[in-house]
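**Q** Need a 3D model of the following:
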Amino acid sequence: MAFPEGFLWGAATAAYQIEGAAQEDGRAPSIWDTFSHTPGKVFNGDTGDVATDHYHRRQDDVATMAELGIGAYRFSISWSRVLPDGTPNQKGVDFYSRLVDELLEHGIAPVATLYHWDLPQALEDAGGWPERDTAHRFAEYAERIGRVLGDRVHTWTTLNEPWCSAFLGYASGVHAPGRSDPAAALAAAHHLNLAHGLGVRALRGVVPASARHSVTLNLHHLRGDAEAVRRVDAVSNRVFLDPMLGRGYPADLLDDTASFTDWGFLHDGDEELIAAPLDVLGVNYYSPTLVRDWDGVSPRAHADGHKQGAATPFVGCDNVEFAEQPGPYTAMGWPVDASGMEELLLRLHREYPHVPLMVTENGAAFDDVVDGDGRVGDDRRIAYLRDHIAAVERACEAGADVRGYFAWSLLDNFEWAYGYSKRFGLVHVDYATGDRTWKDSASWYRDTIARGPS
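**A** Numbering: from 1, shown residues only. Down below sits the predicted model:
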């Protein structure tokens, strides 16, 4: 095997998608509570009020992880559960403290994400991520939760997919908080970058030196016309990669977006703050993206993998279109192409060789059902996972420093604006009863971890 010694096999989830207990034990509303309760924003009017009820089924879910044989569990902490009004909520903190202890008792390394899209609504009411102060509030949150859990968490991840938070949340409006303002989206991207840098520094001041520090990005693996690729790469990948990894903002990004903002929110010294040293870069990959120059006349293709909103999330890319790709497709309409995983990891290894990598999300949604025998056959998911894990292995063989792989997701869950209509889990959830049923892919993943991929 090409996988290095100590390679982590894991599964991932996010707080709002699984926890439920939205109004229990002092938790305050987040922007996703508000968004999901706004008519027309989420498919079928679904909300995360109950989700998979992980808040009450935590111990059983940890037992499932132990049965799977995973070595690490990537979860997120609900900011509005632990700091509902800016002061610590002990019941919320206790929930995560017990979770971490139970993981360690089963030999599972806790990988904690501080922000997986669920900004406290009170902070959005004060302006949200377009406001600089939100970055400072995040750093305070990071320090406080780091003081409580820092002695036991294996890896700290500041942000999950800040591109989605900034551009789906503030440009296209298809994610919470549902705003559509390209200038605000660019300001949000910068303040998320700043929050990351400040957050890493805050954590390093209070957690043991042995803890690892990371961020997770959903990097678009782009193919197509060179100029279209350059433009989209700037506003979807390099807007985070370059400042976080010490290169500052790319000049072409600032030029491409000059008609929307003068970047006055970028202060002297910010780029140095953002470039906090990282131990690992998290990479989320599901499918590649095909872009081409748009002639401005013919019907424009929008196959970018995201719901269409009031405006494009790709600010500064008005002359770009997103072309359809050949199948097969997942239930999300995303093309299945594992070669993109290998190519993306090798690009990162080539262009940013100083930072180790970890695949922090990879998986596929299909229309899974429990048959009359109580079995969930999901051969297409097994094929997807097998091919993508093989792509990771090929990248390792070619020299990429990849430290782990996390399947998305442990459980079927609330899939954001798609509600409960899309199932990504290794474990099937009956949303009416909360009952869990292993899919065939869960058994396959358990066996793969046990024997090692070939």
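**Q** Could you check the pLDDT of Gly452?
**A** The per-residue pLDDT reported for Gly452 equals 78.
**Q** Thought Phe3 was touching it, still the case?
**A** Yes: using CB atoms under 8 Å as the test, Gly452 is close enough to Phe3 to be in contact (7.5 Å). In this view, the C-beta of every residue, glycine as well, is placed from N, C-alpha and C.
**Q** Looking at those two, which is more packed in?
**A** Looking at Gly452 and Phe3 with other CB atoms under 10 Å, you find the greater number of neighbours at Phe3, namely 19 against 11.
**Q** who are the neighbours in contact with Ile108?
**A** Contact partners of Ile108, counting by CB atoms under 8 Å, 6 or more residues apart in numbering, are 62, 65-66, 70-73.
**Q** What does the closest residue in space to Leu245 that isn't next to it in sequence show for phi and psi?
**A** When the adjacent residues along the chain are set aside, Leu245 lies closest to Tyr352, with 5.2 Å between them (CB to CB, 6 or more residues apart in numbering). When read as degrees, to the nearest 10, the backbone of Tyr352 gives phi -130, psi 60.
**Q** so of the contacts of Ile108, which ones are in strands?
**A** The members of those that map onto strands under DSSP state E are 72-73.
**Q** If any of the contacts of Ile108 are buried, put those into a ChimeraX selection.
**A** The command below creates a ChimeraX selection of those among those that count as buried (16 or more other CB atoms under 10 Å):
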select :62,65,66,70,71,72,73
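**Q** give me the low-pLDDT residue ranges for this protein?
**A** For the chain, residues meeting the criterion pLDDT under 70 lie at 1, 453-454.
**Q** As a check, name the ranges of all strands in it.
**A** Listed in chain order (using DSSP E), the strands of the chain are 8-12, 72-76, 109-115, 155-160, 212-217, 222-224, 280-284, 289-293, 320-322, 357-361, 402-408, 427-429, 436-438.
**Q** Is it possible to get a markdown table of these that adds distance to Ala390?
**A** Formatted as a markdown table, the entries for the strands of the chain read as follows, by distance: least, CB to CB, whole Å:
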| stretch | distance to Ala390 |
| --- | --- |
| strand 8-12 | 14 |
| strand 72-76 | 20 |
| strand 109-115 | 23 |
| strand 155-160 | 25 |
| strand 212-217 | 22 |
| strand 222-224 | 20 |
| strand 280-284 | 16 |
| strand 289-293 | 21 |
| strand 320-322 | 27 |
| strand 357-361 | 12 |
| strand 402-408 | 11 |
| strand 427-429 | 23 |
| strand 436-438 | 23 |
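**Q** any idea how far Thr155 is from Val355?
**A** Going from Val355 to Thr155 by CB to CB, to the nearest Å gives 14 Å.
**Q** ok, Phe43 to Ile70 distance?
**A** Phe43 is 30 Å from Ile70, by CB to CB.
**Q** Please read the previous query as pertaining to Gly372.
**A** 30 Å.
**Q** And for Ile31?
**A** In this structure, Ile31 and Ile70 are separated by 30 Å, where distance is defined by CB to CB.
**Q** what do you get for His190?
**A** Here the criterion is CB to CB. By it, His190 lies 35 Å from Ile70.
**Q** Same question for Tyr445.
**A** 8 Å.
**Q** Can you pull the residues that touch both of the two?
**A** Taking CB under 8 Å, 6+ apart as the contact rule, the neighbours common to Tyr445 and Ile70 are Ala11.
**Q** Settle this for me: Ala135 is touching His191, isn't it.
**A** Yes: taking CB under 8 Å as the contact criterion, Ala135 and His191 are neighbours in contact, 4.7 Å apart.
**Q** between those two, which one's more packed in?
**A** When neighbours are counted by other CB under 10 Å, Ala135 and His191 differ, and His191 comes out ahead with 27 against 22.
**Q** Wait, the more buried one touches Arg137, no?
**A** No: under the criterion of CB under 8 Å, His191 is not in contact with Arg137, lying 10.4 Å apart.
**Q** related to what we said a few turns ago, could you export the contacts of Ile108 to JSON lines, including columns for distance to Gly333?
**A** Rendered in JSON lines, the data for these read as follows (distance: CB to CB, whole Å):
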{"residue": "Val62", "distance to Gly333": "33"}
{"residue": "Met65", "distance to Gly333": "30"}
{"residue": "Ala66", "distance to Gly333": "34"}
{"residue": "Ile70", "distance to Gly333": "29"}
{"residue": "Gly71", "distance to Gly333": "32"}
{"residue": "Ala72", "distance to Gly333": "30"}
{"residue": "Tyr73", "distance to Gly333": "29"}
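**Q** Now compare the contacts of Ile108 and name the two farthest from each other.
**A** Val62 and Gly71 (13.6 Å; CB to CB).
**Q** Give the buried residues for stretch 283-294.
**A** For stretch 283-294, a neighbour-count test (16+ other CB under 10 Å) marks 283-292, 294 as buried.
**Q** Keeping just the C-alphas, turn that stretch into PDB.
**A** As requested, the backbone C-alpha atoms of stretch 283-294 are provided in PDB (Å, rounded to 0.1, in the frame of the first residue of the first chain):
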ATOM      1  CA  VAL A 283      -9.600  18.700   1.100                       C
ATOM      2  CA  ASN A 284     -13.300  18.000   0.300                       C
ATOM      3  CA  TYR A 285     -13.900  16.500  -3.100                       C
ATOM      4  CA  TYR A 286     -17.000  15.100  -4.800                       C
ATOM      5  CA  SER A 287     -16.700  15.700  -8.500                       C
ATOM      6  CA  PRO A 288     -14.800  17.900 -11.100                       C
ATOM      7  CA  THR A 289     -16.100  21.100 -12.700                       C
ATOM      8  CA  LEU A 290     -16.100  21.900 -16.400                       C
ATOM      9  CA  VAL A 291     -15.900  25.500 -17.400                       C
ATOM     10  CA  ARG A 292     -15.800  27.400 -20.700                       C
ATOM     11  CA  ASP A 293     -15.900  30.900 -22.000                       C
ATOM     12  CA  TRP A 294     -19.500  32.100 -22.500                       C
END
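**Q** Off-centre distance for that stretch?
**A** If you compare the mean C-alpha spot of stretch 283-294 with that of the full chain, they lie 16 Å apart, counting by CA atoms, centre = their mean, to the nearest Å.
**Q** again, but for stretch 320-331
**A** 21 Å.
**Q** Can you measure across that stretch, start residue to end residue?
**A** Across stretch 320-331, the straight-line distance between its terminal residues is 25 Å, by CA to CA, to the nearest Å.
**Q** contacts for that stretch?
**A** Counting by CB under 8 Å, 6+ apart, the neighbours of stretch 320-331 from elsewhere in the structure are 224, 228, 231-232, 286-294, 300-305, 314, 335-337, 364-367, 380, 384, 422-423.
**Q** swap the cut-off to 7 Å and go again
**A** The list of residues contacting stretch 320-331 from outside it, by CB atoms under 7 Å, 6 or more residues apart in numbering, reads 224, 228, 231-232, 289-294, 300-304, 314, 335-336, 364-367, 422.
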